[in-house]
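*Asks:* just the structure for this:
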Amino acid sequence: MRIIIRIIGRERALETNTRRIIARLERENWSKVGGGNYDKFTNSARQVVLIIVPRNRTFSPGVARDIAKKAGWI
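*Replies:* Next up is the predicted model:
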């Protein structure tokens with residue numbers, strides 16, 4: 001037997017545009033520490049956290065959610 005729970009309501013839409021995400025990270029004092037196929041960002045206040053941003057024009061909602069969680073936006 002499976003129980004399915006549906007949450008009714010609106011979820012906030014996550015930003016999936018790469019340029020806007022990177023601009024927000026830079027506004028919030030995240031500094032770029034390297035790159036290649038990905039841009040890497042770290043914050044001086046949180047030395048352990050490393051956010052890896054793929055160099056695509058847009059992200060899937062899952063990637064955007066992961067970046068938002070690591071940055072503390074969610």
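*Asks:* so how far is P61 from A13?
*Replies:* 9 Å (C-beta to C-beta, to the nearest Å). C-betas here are computed from N, CA, C, even on glycine.
*Asks:* when the two are compared, which one has more neighbours?
*Replies:* P61 (11 against 8; other C-beta atoms under 10 Å).
*Asks:* the residue nearest the centre of the chain: which element?
*Replies:* Compute the mean C-alpha point of the chain, and by C-alpha atoms, centre = their mean the closest residue is I67, 1.8 Å away. Using DSSP states H and E, I67 sits in helix 61-71.
*Asks:* contacts for that helix next, please.
*Replies:* Residues from elsewhere that reach helix 61-71, judged by C-beta atoms under 8 Å, 6 or more residues apart in numbering: 14-16, 21, 24-25, 28, 30, 49, 51, 53-54, 59, 74.
*Asks:* and the furthest pair within the residues you listed?
*Replies:* Within the contacts of helix 61-71, T16 and V49 form the most distant pair, 20.7 Å apart (C-beta to C-beta).
*Asks:* would W73 count as being in a helix?
*Replies:* No: remark: W73 does not belong to a helix; assigned using DSSP: H, G, I helix; E, B strand; the rest coil, it is coil.
*Asks:* any idea where the strands of this protein begin and end?
*Replies:* Assigned by DSSP state E, the chain shows strands spanning 30-35, 38-43, 50-54.
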